[in-house]
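Participant: Fold the following for me, if possible:
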Amino acid sequence: MENFRINTEEGDFVVEPQENGTYRILRDEEKIGVVYAEPNDDMVQWRTMDELDDQLVLIIGEAITAHNKNDES
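Facilitator: Numbers count the residues shown, from 1 in each chain. Have a look, this model is predicted:
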């Protein structure tokens, strides 16, 4: 699993996929938190145990999902 960059309206982030299915999120080489996908009915909810804004977690999670879908094709 290779690191990748995502660009959002909130800024640019480096995403480091982890073996346990979580993603470390870095901004300017500084870790800002870890996010993970949690199945919920027919959709996925993105969550964190860190002090990240819920909207930011959603935006980052959607960008990770889009990246992963592009990787599959």
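
Participant: quick one: the residue nearest to Leu56 when sequence neighbours are not counted from Gln45, how far?
Facilitator: Excluding the flanking residues, the one nearest Leu56 by C-beta to C-beta, 6 or more residues apart in numbering is Glu10, at 5.6 Å. Heads up, the C-betas are built off the backbone N, CA and C, glycines and all. Distance, Glu10 to Gln45, by C-beta to C-beta, to the nearest Å: 18 Å.

Participant: Tell me where the model's unsure across this protein.
Facilitator: 73 (pLDDT under 70).

Participant: As a check, name the ranges of all strands in the chain.
Facilitator: 4-8, 11-17, 23-27, 30-40, 43-48 (DSSP state E).

Participant: how about TSV for those, with mean neighbour count and distance to Gly61 added?
Facilitator: Shown next, in TSV, are the strands of the chain (neighbours: other C-beta atoms under 10 Å; distance: least, C-beta to C-beta, whole Å):
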stretch	mean neighbour count	distance to Gly61
strand 4-8	14	10
strand 11-17	16	10
strand 23-27	18	9
strand 30-40	14	6
strand 43-48	16	3
